[in-house]
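1. Dropping a prediction and its sequence here:
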Amino acid sequence: MGQDSLDATLSALADPTRRAILAKLALGEANVMDLAAPFAMTQPSISRHLKVLERAGLISRGRSAQFRPCRLEAAPLKQVAAWVDEYRRYWEDSFDRLETYLDEVQATHRRRKRNARK
């Protein structure tokens, strides 16, 4: 995934309204009016959010007469998940090292305790 594409996707996901729109679209296609219903904002504001999502490749819009259904395009989300996965592995490795260290500390503590009793 190119840096520009990643930046656009993460920027689009940074807004809670856009994340809510994506969650709604994960349930299936919806028109703009359906997507706007839960929000206390104007139609132009919702349209701006949809344009950001569309530029990031997270949604696509069709055309059927006057109906313009929006649908989720999940490929950029999969690419973001792969990017985040690299950091998950880093943290898992860090936690594994911490666990090994704590096991060693506890073993040392148990040995000292046993030796103190003798």
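-> Perfect, thanks for sending it.
2. Can you give me every residue that contacts Ser60?
-> Neighbouring residues of Ser60 by C-beta atoms under 8 Å, 6 or more residues apart in numbering: 54, 70-71, 73. (C-beta placed from N, C-alpha, C; glycine too.)
3. can you give me the strands for the protein?
-> With DSSP state E, the ranges of strands along the chain come out as 59-61, 70-72.
4. Format those as CSV; extra columns: distance to Gln3 and mean pLDDT.
-> Formatted as CSV, the strands of the chain follow (distance: least, C-beta to C-beta, whole Å; pLDDT from 0 to 100):
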stretch, distance to Gln3, mean pLDDT
strand 59-61, 21, 95
strand 70-72, 23, 95
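5. any chance of those in TSV, plus distance to His109?
-> Conversion of the strands of the chain to TSV gives the following (distance: least, C-beta to C-beta, whole Å):
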stretch	distance to His109
strand 59-61	56
strand 70-72	53
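6. These: which one's closest to Ala26?
-> Of all the strands of the chain, strand 70-72 sits nearest to Ala26, with 5.6 Å by C-beta to C-beta.
7. Enumerate the positions of the closest one that are buried.
-> 70, 72 (16 or more other C-beta atoms under 10 Å).
8. Same check on stretch 64-74?
-> Result for stretch 64-74 [16+ other C-beta under 10 Å]: buried residues 69-70, 72-73.
9. Same question for stretch 33-51.
-> 35-36, 46, 49-50.
10. So for it, first residue to last residue, what's the gap.
-> Stretch 33-51 has an end-to-end distance of 15 Å (C-alpha to C-alpha, to the nearest Å).
11. what is the mean pLDDT for it?
-> The average of the pLDDT scores along stretch 33-51 is 93.
12. what's it in contact with?
-> 15, 17-18, 20-21, 24-25, 32, 59, 61, 70.
13. and the residues you listed as CSV, adding distance to Ser94?
-> As requested, the contacts of stretch 33-51 are exported to CSV (distance: C-beta to C-beta, whole Å):
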residue, distance to Ser94
Asp15, 30
Thr17, 34
Arg18, 31
Ala20, 33
Ile21, 35
Lys24, 36
Leu25, 35
Val32, 45
Ile59, 36
Arg61, 42
Cys70, 40
